[in-house]
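> Could you look at this predicted model? Sequence included:
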Amino acid sequence: METMIKPTTTQYAYYPGCSLHTTAREFDISTRVVMKELGIDLQELQDWSCCGGSIAASVGHDMGMAMAGRNVALAQKQNLDLLASCSGCYNKSARAMKALKDDDEKSKIMAIMSEMGIDVDDYNIRVRNVVDVLVNDIDIASRVVKPLTGLKVACYYGCLLTRPADITGWDSPRFPTSMDKLSRICGAEVVDFQSKTSCCGGPILVSQEERAFHLTKKILDEAKSLNADCIVLACPLCDTNLELRQADIGKKFGETYNIPIIYITELIGLAMGMKPSKLGMNKHIVSVKPVLDKIK
Amino acid sequence: MITKKKKFVFGMKKDRQLDGDKMNLDFAKRVEAEGGKGSAIAACMQCGTCSGGCTNIDVMDMSPRTLILMTQRGEWEKVLQSNTLWMCSSCYICTSRCPRGVRPSDVIEAVKAIAIEEGIKNDSTKFNQIFVDLVQKRGILFEPELMQRFGGLQAMIDQAPLGIQLALRGKISPFPEKIKNPQQFSQALDKARKKHGNND
């Protein structure tokens, strides 16, 4: 993937999703300020609803597609490309978009959506993710004023950001490099992270907690063994496992981690010389102080 | 007239192959109808690539490959009882790797919905149903309510230390958010679920 700096649009219908208004506040804050600084205008998607995550379609496929499709239809009404920062919201919206372009699927989803009072028939907008826009549309390099020299980062992609390829399609499903590239542009050192696309068990965190802990532990263990200063990611659900439950996982397995988990937008914001507090970095549960100390 | 066929030919068990006798396409068709275009079960050639990459295969009682085979064969009791459905974390590794476009993750997702419809009950089906109920209620999920409905008071107590930390950082609101017209949203989804038959 070569750098293609051709911002097709500078205005987006921004879909924060449930997490960015709650547990992932810093992702919301940093996305908004970084995008604004880069000249991109985010209009919050009006009256957005939950995309149903990885759960809704496993209770009913058409219903799940209609839940996610509703947001796509609302973005179409605003006539703006939908931009999601949460990997889950992005993935499900993109999946619904694909289904809405398939005649058989479309009629079933449309029937549910019109009961919701939404009748959009034609879709010409695109569904995009923040990482996708940052790596493909924008020249970040020219905006770096404070290179993060000496910071060792492990980029963690998880599942929904890049898989499956026919739904996302802008970075490899098995060996993605978009966040590695962005981190290097920011001046950070990127470790060779084997677990970068391993699943953290997000969707089964509550119902199969032990299993999810086991999966997340493997990711934390590798980051620790590589002496990474932090894990960089773009998914609030992965963050729930890796950061919010980090202490519980440590306790369960008799380990101490204290690995800062930061969003890619926070990393870029730092490299652009923004104050950590302006990026919402004071909201982390696992202290990010070691990261900030290292780049002083 | 159907003549009884030999079970073994040169010592090889015949039904290792997917012969027509063994197939009961009703279940496969039902899964395909539920899962939409994604679940192309018939295309599976049993190569095992899905199982080879699966994140949670070590705790599954039936590998994803076997699950597809059993679905092809119509062994739906075995499939619906399998823990594979609930151990799958929807990571899409199988779907990314499948050389035949079967999309095992979509097949599993569809079978999950059928299992709920058939009344299978466990922690995962409970969680999935509560999750959808709550999204349906306001259009936006309210996580504290999810924890309370799923795990009861004990879950609230267990999660309290984390909850307090999140609240101090303004990451939990005591008030749920909602969309403009939750009733219409809720009724539309309710109707879709009733048609589906799993609204208990």
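Okay, I see it.

> most residues in a single helix of chain B, which one?
helix B:143-168 (DSSP state H).

> Is that one in proximity to chain A?
Yes - for helix B:143-168, a contact with chain A is found by CB under 8 Å from any CB of the partner chain, at B:143, B:146, B:147, B:150, B:151, B:162, B:165, B:166. For every residue, glycine as well, the C-beta is placed using N, CA and C.

> Show the buried residues in those residues.
Neighbour counting by 16 or more other CB atoms under 10 Å in any protein chain shown classes B:143, B:146, B:147, B:150, B:151, B:162, B:166 among the residues of helix B:143-168 next to chain A as buried.

> just those residues now: which is nearest residue A:259?
residue B:162 (17.0 Å; CB to CB).

> What does the pLDDT read for the closest one?
Per-residue pLDDT puts residue B:162 at 92.

> Can you name the residues that contact it?
Each residue near residue B:162 by CB atoms under 8 Å, 6 or more residues apart in numbering or on different chains is listed here: A:244, A:285.

> cool, residue A:64 as well?
So residue A:64 contacts A:52, A:55, A:56, A:57, A:58, A:92 (CB under 8 Å, 6+ apart).

> For the strand or helix carrying residue A:65, could you pull out the residues that count as buried?
For residue A:65, the enclosing helix or strand under DSSP states H and E is helix A:61-78. Across helix A:61-78, burial judged by 16+ other CB under 10 Å covers A:61-78.

> Tell me where chain B has strands.
Using DSSP state E, the strands of chain B run over B:8-9, B:12-13.

> Residue B:182 touches residue B:139, doesn't it?
Yes - the pair residue B:182 and residue B:139 passes the contact test of CB atoms under 8 Å, sitting 5.4 Å apart.

> the more surrounded of those two?
The neighbour comparison of residue B:182 against residue B:139 (other CB atoms under 10 Å in any protein chain shown) goes to residue B:139, with 24 against 15.

> if I look at residue A:266, how far off is residue A:239?
11 Å (CB to CB, to the nearest Å).

> What is the helix or strand hosting residue A:222 packed up against?
Taking DSSP H and E as the criterion, residue A:222 maps to helix A:209-225. Contacts defined by 3 or more CB pairs under 8 Å, 6 or more residues apart in numbering or on different chains; DSSP states H and E place helix A:209-225 against helix A:246-253.

> Phi first, then psi, for residue A:240.
Per-residue torsions, residue A:240: phi -60, psi -50 (degrees, to the nearest 10).

> ok, and the closest non-adjacent residue to it?
residue A:23 (6.3 Å; CB to CB, 6 or more residues apart in numbering or on different chains).

> Might one say that that neighbour is in contact with residue B:166?
Yes - using CB under 8 Å, residue A:23 is in contact with residue B:166, at 6.4 Å.

> Overlap of the contact sets of these two?
A:244, B:172.

> residues in contact with residue A:163?
A:91, A:173, A:197, B:91, B:92, B:93, B:95, B:96.

> Over to it. Which of the three states is it?
coil (DSSP: H, G, I helix; E, B strand; the rest coil).

> Please tell me how far the nearest residue to it once chain neighbours are set aside sits from residue A:126.
Nearest residue to residue A:163, sequence neighbours excluded (CB to CB, 6+ apart): residue B:92, at 3.8 Å. Note on residue B:92: its distance to residue A:126, by CB to CB, is 21 Å.

> Equivalent analysis for residue B:145, please.
The gap separating residue B:145 from residue A:126 is 34 Å, by CB to CB.

> cool, residue A:82 as well?
Per CB to CB, residue A:82 is found 7 Å from residue A:126.

> Between the two, which has more neighbouring residues?
Neighbour totals were compared for residue A:82 and residue A:126, and residue A:82 leads with 27 against 16 (other CB under 10 Å).

> Now do the contacts for that one.
Contacts of residue A:82 by CB under 8 Å, 6+ apart are A:12, A:13, A:15, A:45, A:71, A:72, A:75, A:93, A:125, A:126, A:127, A:128.
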